[in-house]
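Student: below is the structure, and that's it, no one-letter string:
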Ligand SMILES: C[S@@+](CC[C@H](N)C(=O)[O-])C[C@H]1O[C@@H](n2cnc3c(N)ncnc32)[C@H](O)[C@@H]1O
């Protein structure tokens, strides 16, 4: 399927019982608390990391969120045809950086995929596992501060789904540019906040669509704009990168697509959404839009239910853009 083609709907979808997909029951039990409990803030029944302040990262970092991030990693792998990136990087890289690494799952997979490379994953929160490949290391830092890496150091720098934590993109990309070797690649990979449909099955009153609109408003209010078509590539070009390319990949919510690959993705996205609508939405709606927590919670729950309706053929778009630091 071309990246802008409409997704064909499975005509047998409504033959099975019920008009909603069943719930997965994916609601992991409450986390066991580590001895470093004082480093966390609890709000909306979720655990947020406190070291850099909750306003810095508006998403929880608890076990439910870590499971969701790992599931989204698998979804994006499928979207990219099993590849970890789109950029045509040097097949024998020496240094790779993953900014906002989360659970470190991408960095770990990259270390396995490229044994020649030292892979560094950096994040505000120390939530990465200890048992990792020997060529993979994790650091705690804020990407919006001055980078301590040497100039002309990395063969590849990767940012994925960090839009909620970065306001100063020009400064961050200027640091990335400085720390990349001439000719090295950078990749930005972000899921958009808006939900769409190709067949008008997502009217403006649909709670999933409203969730996407409020999320876009919240991100704009924080100065962390949600990605839209062309925004990642423009950001790279403005920072001086060349040979920039951008891809738009549709993420269907629910197994409504006719294609078996998209059907599988749809099931995974439905499952991911059971956590994702709250992880992304709660603090953003309450802190940035001043929404009452009960109203924010209801909007997230209604959005989940709306994506489970078999008559709704909703999808979000995942944007991937890469560029190259020019040769000297
Ligand atoms: C939605 S998660 C994505 C994790 C990972 N990139 C992935 O795709 O699986 C966003 C991560 O970015 C981190 N983050 C947000 N802002 C950051 C910043 N300014 N510096 C470093 N990490 C940041 C958060 O702590 C969180 O772990």
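Tutor: Received it, and whenever you're ready, just let me know what you need. Keep in mind that this is a model prediction, so the values were computed, not measured. Numbers count the residues shown, from 1 in each chain.
Student: residues contacting the spatially closest residue to residue 277 that is not a sequence neighbour?
Tutor: Sequence neighbours aside, residue 300 is the residue nearest to residue 277 in space, at 4.3 Å (criterion: CB to CB, 6 or more residues apart in numbering). C-beta coordinates here come from the backbone N, C-alpha and C atoms, glycine included. The neighbours of residue 300, taking CB atoms under 8 Å, 6 or more residues apart in numbering as the test, are 211, 277, 278, 281, 282.
Student: any idea how far residue 300 lies from residue 280?
Tutor: For residue 300, the distance to residue 280 (CB to CB, to the nearest Å) stands at 9 Å.
Student: which one of the residues in this protein is closest to the ligand?
Tutor: Closest to the ligand within the chain is residue 165: 1.9 Å, counting by CB to the nearest ligand atom.
Student: just how off-centre is the longest helix along the chain within its chain?
Tutor: Longest helix in the chain, counting residues (DSSP state H): helix 260-283. Here helix 260-283 is found 11 Å from its chain centre; the criterion is CA atoms, centre = their mean, to the nearest Å.
Student: before we move on, the earlier item: now do the residue nearest to residue 277, the pLDDT please.
Tutor: Model confidence at residue 300, expressed as pLDDT, equals 95.
Student: try the one 10 residues further on
Tutor: Among the per-residue scores, residue 310 holds a pLDDT of 92.
Student: do the same with residue 18
Tutor: Reported pLDDT for residue 18: 72.
Student: and residue 108, by the same measure?
Tutor: At residue 108, pLDDT is 97.
Student: repeat that for residue 63.
Tutor: So residue 63 comes in at 87 (pLDDT).
Student: what comes up buried for stretch 273-290?
Tutor: 273-289 (16 or more other CB atoms under 10 Å).
Student: ok now it, how far from the chain's centre?
Tutor: For stretch 273-290, the distance to the chain centre is 14 Å (CA atoms, centre = their mean).
Student: is the ligand contacted by that stretch?
Tutor: No. Remark: stretch 273-290 sits outside contact range of the ligand, by CB under 6 Å from any ligand atom, the gap being at least 7.7 Å.
Student: and residue 303, what does it touch?
Tutor: Per CB under 8 Å, 6+ apart, neighbours of residue 303: 207, 208, 210, 211, 273, 277, 281.
Student: of those, which pair is most distant in space?
Tutor: 210 and 273 (14.6 Å; CB to CB).
Student: mind listing the helices for this protein?
Tutor: Counting by DSSP H, the helices of the chain are 63-79, 105-113, 169-179, 207-221, 231-238, 260-283, 289, 293-307.
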